[in-house]
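Engineer: got a predicted structure plus its sequence, pasted below:
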Amino acid sequence: MKKLSTNPPVQCQCNAGPARTSHINRQCGIAPLHCVSSRAMSRMQTITPMLWFDNQVEEAANFYVLVFKNSKVKQITHYAGEEFPEKKGQVMTVSFELNGQEFTALNGGPDFKFTEAVSFVINCDTQEEIDYYWEKLTAGGGKEVECGWVADKYGLSRQVTPAKFFAEWVKDPAGLQRVTHEVWQMKKLDLAKLEKAFAAK
């Protein structure tokens with residue numbers, strides 16, 4: 001087991017006032033990152049998903065910001081080469097935002113793969129939205145799974161789901177049971193059929 005790094009945090013070099021600094025274990029191949037002022041910290045979301053890729057992180061981030069509306073790449077960092085000379089200058093992390101949700105992704109090597117144990121729910125208001133995300137996320141080698149689940153070409157799983165499922169249908173146990181029975185018969189979800197099942201008595 002690798003010994004955790006004891007290197008001190010990076011000192012703030014900006015003029016933003018009191019700041020907190022970020023230090024991530026160099027032994028994992030992640031160099032210390034930039035400092036963040038306390039004012040900026042107050043605007044950051046509390047939990048940010050961290051996604052581990054082999055070496056496609058910049059490509060994946062650019063793909064995701066094209067698929068999801070109101071999205072952008074926010075920051076790219078590179079390996080300095082101190083711990084991994086062979087990676088010097090290569091992209092290390094990409095921070096990006098998908099419709100208001102922040103993500104950070106790491107080029108960490110081939111050791112870990114995505115599985116269905118972690119997925120992200122896409123809440124859709126219309127069948128057109130469901131069709132759009134299903135088409136975009138299965139393109140280029142993505143995979144249709146069961147019950148509204150889809151894995152994109154990088155292996156990351158999502159559930160393309162009617163927004164009503166968690167906002168409304170879960171409040172009616174009998175209706176939810178009818179909806180769930182229909183979901184089990186589907187790959188891509190059919191909103192009209194699910195609404196009909198929920199309304200049935």
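Structural biologist: The structure has been received and is ready for your questions. Since we're looking at a predicted model, the values are computed, not measured.
Engineer: could you chop the protein up by domain?
Structural biologist: Using automatic domain parsing, the domain parsing of the chain gives 19-107, 119-199.
Engineer: what's the closest of the ones you listed to Lys113?
Structural biologist: domain 119-199 (6.1 Å; CB to CB). C-beta: built from backbone N, CA, C; applies to glycine.
Engineer: endpoints of the closest one, how far apart?
Structural biologist: One end of domain 119-199 to the other measures 28 Å (CA to CA, to the nearest Å).
Engineer: what does stretch 139-147 give?
Structural biologist: Chord length of stretch 139-147, first to last residue, is 18 Å (CA to CA).
Engineer: quick one on the thing from earlier: go through the domains of the chain and find the least confident stretch.
Structural biologist: For these, mean pLDDT drops lowest on domain 19-107, to a mean of 80.
Engineer: about what we covered before: next, format the domains of the chain as a markdown table and append distance to Lys113 and mean neighbour count.
Structural biologist: Listed next are the domains of the chain as a markdown table, based on distance: least, CB to CB, whole Å; neighbours: other CB atoms under 10 Å:
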| stretch | distance to Lys113 | mean neighbour count |
| --- | --- | --- |
| domain 19-107 | 9 | 15 |
| domain 119-199 | 6 | 16 |
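Engineer: wait, a helix at Lys193?
Structural biologist: Yes. Secondary structure of Lys193 (DSSP: H, G, I helix; E, B strand; the rest coil): part of a helix.
Engineer: right, and it touches Glu182 too?
Structural biologist: Yes. Using CB atoms under 8 Å, Lys193 makes contact with Glu182 at a distance of 5.8 Å.
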